[in-house]
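In: A predicted structure for the sequence below; I have some questions about it.
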Amino acid sequence: MGKDSNNTLRHLIEALQILAKYNDRAYPTHCEHDVLMVLVDPEEVSAEDKARLEQLGFDPGEESEEDCFVSFRFGSA
């Protein structure tokens with residue numbers, strides 16, 4: 001993967017920095033079945049930030065029991 005890929009560490013860090021604006025809790029992530037979950041309530045995140053998070057591979061975790069954003073892109077190796 002080249003530098004233009006949206007799968008880089010820089011993109012993951014950007015997504016986490018956006019999410020940290022809304023919740024800076026202890027133990028903020030959870031992984032299972034190739035899905036990375038970041039425990040931030042999607043209802044608290046601005047539309048602009050949600051749009052950027054979607055570009056970075058993070059979507060509201062609508063099927064999850066927790067209020068979170070999920071990433072299949074960064075959830076598996």
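Out: Arrived safely.
In: Just the helices from the chain, written as ranges.
Out: Counting by DSSP state H, one finds helices in the chain at the ranges 9-20, 47-55.
In: ranking those by burial, who's on top?
Out: Comparing those by mean neighbour count (mean count of other C-beta atoms under 10 Å), helix 9-20 ranks first with a mean of 15. Placement of C-beta: from N, CA and C, glycine included.
In: Which strands or helices does the helix or strand bottoming out on mean pLDDT in the chain pack on?
Out: The helix or strand with the lowest mean pLDDT-type score in the chain, counting by mean pLDDT, DSSP states H and E, is strand 29-32 (a mean of 90). Contact here means 3 or more C-beta pairs under 8 Å, 6 or more residues apart in numbering; DSSP states H and E; on that basis strand 29-32 packs against strand 35-38.
In: Pairing partners for the strand it packs on, with directions?
Out: Counting by DSSP bridges, the strands paired with strand 35-38 are strand 29-32 (antiparallel), strand 69-71 (antiparallel).
In: Of those strands, which is nearest L53?
Out: Judged by C-beta to C-beta, the one of the strands paired with strand 35-38 that comes nearest to L53 is strand 69-71, at 6.2 Å.
In: Excluding chain neighbours, give the residue nearest to the residue positioned nearest the centre of the chain in space.
Out: Centrality entry for the chain: nearest residue to the mean C-alpha point is F58, 4.1 Å, by C-alpha atoms, centre = their mean. Nearest residue to F58 in three dimensions, chain neighbours excluded: F69, at 4.4 Å (C-beta to C-beta, 6 or more residues apart in numbering).
In: so who does that neighbour touch?
Out: L19, M37, V38, V40, P42, V45, L53, F58, D59, P60, G61 (C-beta atoms under 8 Å, 6 or more residues apart in numbering).
In: now, among those residues, which is nearest to S76?
Out: Of the contacts of F69, the one sitting nearest to S76 (C-beta to C-beta) turns out to be M37, at 13.0 Å.
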